[in-house]
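S.K.: need coordinates for the below:
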Amino acid sequence: MANIYPELIIDALRNVRYPGTGKNIVETGLVSGDIHIDGLKVSVSLLFDKPNDPFIKSVVKAAETAILTYANPDIEIKGNIEVKTKEAKQQKPAKLLPQVKNIIAISSGKGGVGKSAVSANLAVALAQKGYKVGLLDADISGPSLPKMFGEEEARPFLETVDGREYIIPVEKYGVKMLSIGFFVNKNDAVVWRGAMAGNALKQLIADANWGSLDYFLIDFPPGTSDIHLTLVQTLAITGAIVVSTPQEVALADARKGIGMFTNDKVRVPILGLVENMAWFTPAELPDNKYYIFGKDGAKNLAKEMNVPLLGQIPVVQSICESGDKGVPAALNGNTMTGMAFARLADNFVISADRRNAELAPTQKVEVHDR
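M.R.: Reported below is the predicted structural model:
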């Protein structure tokens, strides 16, 4: 009987090529060196990167054949090749944003409901109440926060902390913010595939010096997409706010947005609904309410879905002008919209605190009309 030794087995395995690279499995490191020989019985361990590697079965079969062909045809190898994976040996990645207490998704089922305006004004209202707030514009194709904060020409710079370079968020009105709009020409369209957009957002999150924050608000793109999944899988999101207008076409999409966050694959709790454009009040008739998009649509949806209604934001001319001028309406607490966003901030904090205290998700937040 020919002598069987580990190097003989390794030399035989050099004849097996990994289909993914074309290199032999010894060269690529798949042969772990864990080889046991007991007479003609030989056991070998192959170390793959992932347990779902599509080439595992074919490589194992080829390894068995190579050992019988190039080492010794009498070796007992069938069933003695153990498959291991590197994933178990990898260190668990560090938690992103460890200094952030609450990460909040602000979403809408469709575009055009004023989600970004709500995000900007909620951030400002929270900052005015003394909270440390960060705001990320995750709408890659339509970044609007630089305009709403009057910082379209701002360009974030880098600073080195402990030998690593970090992006420094733009800060205004007490809010730290980043947007892809700070890194591209404001007149250029951003046409990126999902993976590229997701990687850009991960960089704005992980490679930025956000510091210590009470609330990190993420202005999600409208609708439901792979960017939404990327963010909820990347971050430990405290909860989501869904913004809608009162009309049925918006409410139908809001239901889908709620369903996306609450399904079994995502499982992000809904902190509440915000009804934007709830009514129109002309400046010359401040006591009048005209329900041009329907009345109490989101309020009724909140009852139906058993989630809190965090606020109803009216339409007034000043809110549009404020956004265009880069001065969020929430800065003026004496106006109708300023007071509405202040109430929204209060109700939001209550809902977030309830979530953190693990109270019943069906418990309602009282919304004050005046």
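S.K.: which residue ranges make up the domains of the chain?
M.R.: Taking automatic domain parsing as the criterion, the chain consists of the domains 6-89, 100-356.
S.K.: for residue 135, grab phi and psi.
M.R.: phi -140, psi 120 (degrees, to the nearest 10).
S.K.: what pLDDT is listed against it?
M.R.: Each residue has a pLDDT score; the one for residue 135 is 97.
S.K.: what number of residues lie near it?
M.R.: Per other Cβ atoms under 10 Å, the neighbour tally for residue 135 reads 30. Placement of C-beta: from N, CA and C, glycine included.
S.K.: repeat for residue 25
M.R.: 24.
S.K.: repeat for the one 5 residues further on
M.R.: By the other Cβ under 10 Å criterion, the neighbourhood of residue 30 contains 24 residues.
S.K.: ok, residue 149 next?
M.R.: For residue 149, the neighbour count with other Cβ under 10 Å is 25.
S.K.: deepest-packed of the domains of the chain, please.
M.R.: Between the domains of the chain, domain 100-356 has the highest mean count of neighbours, a mean of 19, where neighbours are mean count of other Cβ atoms under 10 Å.
S.K.: how about the secondary structure of residue 217?
M.R.: Of the three states, residue 217 takes strand under DSSP: H, G, I helix; E, B strand; the rest coil.
S.K.: show me the strands in this protein, by range?
M.R.: Defined through DSSP state E, the strands belonging to the chain, from first to last, are 31-38, 41-48, 81-85, 100-107, 133-137, 158-161, 164-167, 170-172, 175-179, 213-219, 239-244, 270-280, 309-315.
S.K.: closest to residue 207 out of those strands?
M.R.: With distances scored as Cβ to Cβ, the stretch of the strands of the chain nearest to residue 207 is strand 164-167 (5.7 Å).
S.K.: so residue 181 sits right up against residue 142, yeah?
M.R.: No. Using Cβ atoms under 8 Å, residue 181 is not in contact with residue 142; the gap is 9.0 Å.
S.K.: what is the least confident helix or strand in the chain?
M.R.: Confidence across the helices and strands of the chain bottoms out at helix 317-325, with a mean of 67, counting by mean pLDDT, DSSP states H and E.
S.K.: could you check the pLDDT of residue 365?
M.R.: In this prediction, residue 365 carries a pLDDT score of 44.
S.K.: for residue 90, same thing?
M.R.: At residue 90, the model reports a pLDDT of 42.
S.K.: and the gap between the spatially most central residue of the chain and residue 12?
M.R.: Central residue of the chain (Cα atoms, centre = their mean): residue 231, 1.2 Å from the mean position. With the distance defined as Cβ to Cβ, to the nearest Å, residue 231 ends up 48 Å from residue 12.
S.K.: and what of residue 115?
M.R.: In terms of Cβ to Cβ, residue 115 sits 62 Å off from residue 12.
S.K.: repeat that for residue 47.
M.R.: Taking Cβ to Cβ as the measure, residue 47 falls 17 Å from residue 12.
S.K.: any low-confidence regions in the stretch 151-300 of the chain?
M.R.: In the predicted model, the stretch 151-300 of the chain carries pLDDT under 70 at residues 187-195, 224-226.
S.K.: hmm, try it at 80
M.R.: When the per-residue scores of the stretch 151-300 of the chain are filtered using pLDDT under 80, the ranges that remain are 184-198, 223-230, 233, 264-266, 283-284, 286.
S.K.: only C-alpha atoms, please: export the longest helix that the chain contains in CSV.
M.R.: Assignment by DSSP state H gives helix 336-356 as the longest helix of the chain. Below are the C-alpha coordinates for helix 336-356, written out as CSV (Å, rounded to 0.1, in the frame of the first residue of the first chain):
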residue,chain,number,x,y,z
MET,A,336,-49.9,78.9,12.6
THR,A,337,-47.4,76.5,10.9
GLY,A,338,-44.7,77.2,13.5
MET,A,339,-47.1,76.1,16.3
ALA,A,340,-48.2,73.1,14.3
PHE,A,341,-44.6,71.9,14.0
ALA,A,342,-44.0,72.5,17.6
ARG,A,343,-47.0,70.3,18.5
LEU,A,344,-45.7,67.7,16.1
ALA,A,345,-42.3,67.7,17.8
ASP,A,346,-43.9,67.3,21.2
ASN,A,347,-46.1,64.4,20.1
PHE,A,348,-43.2,62.8,18.3
VAL,A,349,-41.0,62.8,21.4
ILE,A,350,-43.9,61.2,23.4
SER,A,351,-44.3,58.5,20.8
ALA,A,352,-40.5,57.8,20.6
ASP,A,353,-40.3,57.7,24.4
ARG,A,354,-43.1,55.2,24.5
ARG,A,355,-41.4,53.1,21.9
ASN,A,356,-38.2,53.1,23.9
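S.K.: just want the angle from that helix to strand 270-280.
M.R.: Put simply, helix 336-356 runs at 170 degrees to strand 270-280, going by axes from the mean of the first three to the mean of the last three Cα atoms, to 10 degrees.
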